[in-house]
Each structure stands twice: as C-alpha cells, then as structure tokens.
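Model the structure of this input:
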Amino acid sequence: MTSEPAVRDVRIAGRPIRLTPHNCFACGTLNVHGLQLELHAGDDRCWVETTLGDRFQGWDEIAHGGIICTILDEVMAWALVDHDLWGVTARMSVDFKRPVRIGHPIRAEGRVVAVRKRLVDAEGVLLDGVDGTVLARSQAMYVGAPEARKRELKLRYGFTLDEAATPEMVDG
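Numbering: from 1, shown residues only. Now for the predicted structure:
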C-alpha cells in the first residue's frame, strides 16, 4: 500500500492537481485489488500505459472485457479534467477489435469530443503498447455533478490545484 496518489501529471490549465490517496478500483492506490492506473491528463485528454497481470484475466491469457471497459471509462472520464467536471458515466459503448493479452503492454487514451453544459461526450481507444494496433474503441457520455456535489467531492478527495506552479514551470 502506497501513500502516493496514482493520478500523476494531471493538470488544469497547465497546473498540476493533487488528490489524497483513495480507494477507486481504477486509479486509487489504496485498493490493493484494483488496477492502480498511473493517469496523465489535461488538455481534454487522458492516457495511461500499463500491463495487466493474471488477476485481470478472463479466458486463458486474455484480459477480462470488464477490465478493458474499466480502463477505457477511466481515461475518458479523466479527460474531463480541464472542464472541472466531476461526473458519472451515463452511457458507454465499447467495440472490442482484438484480444488484450495478459502480460503485454497496452496504452489507453481518452479525449473529449463535445461539451454541452454538464453533458460531455468522450471517446477512447485501447492500443497495443508495442505496435499500436487498435484493440478496442469506446464512446461515452458523462454527466457532471452539480456544483454543491462537486464541492463535496473535492473536499472528500483532497483536491487541490497547485497554484504555485505556472504553466511555464510545468511545461519547461
């Protein structure tokens, strides 16, 4: 168990955000059974590189489809960070193109496609981490939390924006 948040290099307007360690199955470091994804987000995008272990196996040597959906949902949801939206998945569809092998590097990418007030459309892709082959594609719609709930969530997760860092410091 680590005290470091797995959400790394996540930025709003070029400034890093901080979260306290939490128990999210996808990005939390306190969940010993979870994915503990090290996310990178900002500029309407999020990405992660990982290799799935045996505990995420479905059929022999192939990742479980629900795990693939989880990873895609996470990168799409974190792509909303620049919009300061803390939302939930309203709808998601996934097209599985090729099996995702256990023990093989993968890269997932999510990006915002459209923003309509509290509704955000996003798309994601899961790639082979070695040759870039598309393994799965996804589309989703997220609903942002109302302002009062967003304030509660920020407090609960210890959300802070590193006001000391300027975009020049972060980028250079």
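
Show me the shaky parts of this structure.
Confidence mapping of the chain against pLDDT under 70 gives the ranges 1-9, 11-14, 163-172.

which residue ranges form the helices in it?
In the chain, the helices defined using DSSP state H lie at 65-78, 147-156, 167-171.

Check which helices and strands the first one sits against.
Using 3 or more CB pairs under 8 Å, 6 or more residues apart in numbering; DSSP states H and E as the contact criterion, the elements in contact with helix 65-78 are strand 39-42, strand 45-51, strand 87-96, strand 105-116, strand 119-128, strand 134-144. Glycine gets a C-beta too; all of them are placed from N, C-alpha and C.

Beta-bridge partners for Gly42, please?
Per DSSP bridges, the residues bridged to Gly42 are Arg45.

how many neighbours does it have?
20 (other CB atoms under 10 Å).

how close does it sit to Trp78?
With distances defined as CB to CB, to the nearest Å, the gap from Gly42 to Trp78 amounts to 9 Å.

Name the nearest residue to Ala136, sequence neighbours excluded.
Leu126 (4.2 Å; CB to CB, 6 or more residues apart in numbering).

okay, and the common contacts of Gly42 and Trp78?
Jointly contacting Gly42 and Trp78 under the rule CB atoms under 8 Å, 6 or more residues apart in numbering are Val10.

looking at the chain, which residue lies furthest from center?
Asp60 (26.2 Å; CA atoms, centre = their mean).

list the contacts for the closest residue to Val143 other than its chain neighbours?
Of all residues not flanking Val143 in the chain, Ala90 sits nearest, at 4.9 Å (CB to CB, 6+ apart). Counting by CB under 8 Å, 6+ apart, Ala90 makes contact with Leu119, Ala140, Met141, Tyr142, Val143.

Is the first one bridged to anything, and to what?
In this structure, Leu119 has the following beta-bridge partners (DSSP bridges): Arg116, Val143.

do you know how far it is from Gln57?
35 Å.
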